[in-house]
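Below is the sequence, then the predicted model.
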Amino acid sequence: MKRIILPAVAVLAVVVAAWLYLNAETRHPLIVALAARAPAPVPSTDPGADLAALLDDGTLGPNGELSSVPEPASAAGRRLAGLAAAREAAGGWLIVPGIDLFAGDLGALKVAAAEGCREACSEDPACTAFTWATMTHEVEGKRGSCWTKVGSRVTQLRVAPGYVSGLR
């Protein structure tokens, strides 16, 4: 009996560890924080501007991690709640125009729209974020480029026109 139980426990431990890795450790700290926050009744109408404001006022550190927990009624608290609602309304994705997610790349491909980049990321269980260079990006060679990413490995969120990023 012991011969059967020990291997079964070991297999279960590996499965649980893999699930935790894919469902928690690969997510960007901002998404973990948003998932724990009650969303606002109305989603953010400009997630890129809200995210830029949170980076600018120091609520978010350069990696997008919460540097402090704002009061829900404060401007920063309302912005975070609006971002949480926008993420919920978009099926678990926070799509932010004007933001470049730096580092954490899994792969690169060319697609015609941010939606194609989101779909490519959705097909890879390890992918929890993406950045897409718009078709009007100032560098012609980058136009339509999609970088799929591991959200927890993103080292910086940068305000950058010409990009659309997504986090789940």
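Noted; the coordinates are in hand.

Relative to Ala35, how far out is the closest residue to Gly48 other than its chain neighbours?
Leaving aside its chain neighbours, Gly48 sits nearest to Gly98 (3.8 Å; criterion: C-beta to C-beta, 6 or more residues apart in numbering). Bear in mind the C-beta positions are built from the backbone N, C-alpha and C, glycine included. As for Gly98, its distance to Ala35 is 23 Å (criterion: C-beta to C-beta, to the nearest Å).

Surely Phe130 touches Thr148?
Yes - contact criterion C-beta atoms under 8 Å: Phe130 and Thr148 qualify, at 5.2 Å.

Give me the common contacts of the two.
Residues touching both Phe130 and Thr148 (C-beta atoms under 8 Å, 6 or more residues apart in numbering): Cys117, Ala120, Cys121.

for those residues, which one is nearest Gly91?
Within the shared contacts of Phe130 and Thr148, proximity to Gly91 (C-beta to C-beta) peaks at Cys121, which comes in at 12.7 Å.

I'd say that closest one and Trp132 touch.
No - if you go by C-beta under 8 Å, Cys121 and Trp132 don't touch, sitting 9.8 Å apart.

Between these two, point out the one with more neighbours.
Shown here are Cys121 and Trp132; by other C-beta atoms under 10 Å, Trp132 has more neighbours (33 against 26).
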